[in-house]
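1. Compute the structure for the input listed below.
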Amino acid sequence: MRQQTGSGSPWEDVVGYSRAVRVGNIIEVAGTTAMDGDTLVGKGDLYGQAKFIFQKIEKALQQLGGSLNDVVRTRMFVINIDEWELAGKAHGEFFAGIKPVATMVEVRRLINDDLLIEIEVTAILQK
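-> Numbers count the residues shown, from 1 in each chain. Now for the predicted structure:
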């Protein structure tokens, strides 16, 4: 069984992707940014962007029958690794009791110059 959910972005049809896909008990959430439609949430604020992204990810998981408790891996792509603690703080607020494996890497840039972080997750639902 395959389920998927979108964010409503016109780019999903142009590029051919979904916000999240569930196959069996696995949910993969695509790279998620702090864009809310055409509006950037938290311009210049890595911590604010990360918090908003984790909220978006939580909604996508819920739409497919999952939750943050099912997350086993997070991947965070930041444009300035020197600010890792801000991303880490937001991550800790959502996952302190869950403690998924986590990766954070610095990338040269993201699709919009005002984006400071992009996050993706993998969740495995408990049966």
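2. Touching, residue 63 and residue 5? I think so.
-> Yes - contact criterion C-beta atoms under 8 Å: residue 63 and residue 5 qualify, at 4.4 Å. To be clear about C-beta, it is placed using only N, CA and C from the backbone, and glycine gets the same treatment.
3. Report the set of residues contacting both of those two.
-> residue 20 (C-beta atoms under 8 Å, 6 or more residues apart in numbering).
4. which sections of this structure are below the confidence cut-off?
-> By pLDDT under 70, the chain has no low-scoring segment.
5. Tell me which residues of the longest helix along the chain come out buried.
-> Criterion DSSP state H: the longest helix present in the chain is helix 46-63. Buried residues in helix 46-63, counted by 16 or more other C-beta atoms under 10 Å: 46-54, 56-58, 60-61, 63.
6. try stretch 120-127
-> Under the neighbour-count criterion of 16+ other C-beta under 10 Å, stretch 120-127 has 120, 121, 122, 123, 125 buried.
7. Among the residues you listed, which ones are in strands?
-> 120, 121, 122, 123 (DSSP state E).
8. will you turn the residues you listed into a markdown table that also has distance to residue 100?
-> As requested, these are exported to a markdown table (distance: C-beta to C-beta, whole Å):
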| residue | distance to residue 100 |
| --- | --- |
| 120 | 12 |
| 121 | 8 |
| 122 | 8 |
| 123 | 9 |
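9. between those, which is nearest residue 111?
-> residue 120 (13.8 Å; C-beta to C-beta).
10. so how far is residue 18 from that closest one?
-> Distance, residue 120 to residue 18, using C-beta to C-beta, to the nearest Å: 12 Å.
11. which residues in the chain form strands?
-> Under DSSP E, the chain gives strands at 2-5, 20-23, 26-32, 35-36, 39-40, 71-78, 101-106, 117-124.
12. The spatially closest residue to residue 100 that is not a sequence neighbour bridge partners, please.
-> The spatial neighbour of residue 100 that comes closest, neighbours along the chain excluded (C-beta to C-beta, 6 or more residues apart in numbering), is residue 71 at 4.7 Å. Beta-bridge partners for residue 71, by DSSP bridges, are residue 123.
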